[in-house]
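In: Sequence below, structure please.
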Amino acid sequence: MTIELIFKIGAVGIIVSLLNQVLKHSGRDDQAYLVSLAGLIIVLTWIIPYVYQLFMDISLLFEF
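Out: Predicted coordinates:
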């Protein structure tokens, strides 16, 4: 995992939180929820390969 990924996750978090606050204050709670959900899905698609590699490394470690 590189530092770039951590910065990208932080940037998405900041953007999503700003959009969420703007949409909630304008009375669009359902769209704020969808923006939060979209941010979560984006970050999960970035992290899933690293989690998969972690499980593969662990399974190789305990392989007999």
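In: which residues in this structure form helices?
Out: Ranges of helices within the chain are 3-25, 29-61, based on DSSP state H.
In: What residues of the first one count as buried?
Out: The neighbour-count check on helix 3-25 (16 or more other C-beta atoms under 10 Å) flags V12, V16, L19, N20, L23 as buried. (C-beta placed from N, C-alpha, C; glycine too.)
In: separation between the residue most central in space within the chain and G27?
Out: Computing the C-alpha centroid of the chain and ranking residues by C-alpha atoms, centre = their mean puts V43 first, at 2.2 Å. Using C-beta to C-beta, to the nearest Å, we find V43 at a distance of 27 Å from G27.
In: V35: neighbouring residues, count only.
Out: By the criterion of other C-beta atoms under 10 Å, V35 has 20 neighbours.
In: What residue, apart from its backbone neighbours, is nearest it spatially?
Out: L19 (4.9 Å; C-beta to C-beta, 6 or more residues apart in numbering).
In: my read: that neighbour touches Y33, true?
Out: No - if you go by C-beta atoms under 8 Å, L19 and Y33 don't touch, sitting 11.3 Å apart.
In: Let me have the helices of the chain in a markdown table, extended by mean pLDDT.
Out: Output for these, formatted as a markdown table (pLDDT from 0 to 100):
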| stretch | mean pLDDT |
| --- | --- |
| helix 3-25 | 94 |
| helix 29-61 | 94 |
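In: Of the buried residues of helix 3-25, which is the nearest to L37?
Out: Within the buried residues of helix 3-25, the smallest distance to L37 is 9.5 Å, found for V16 (C-beta to C-beta).
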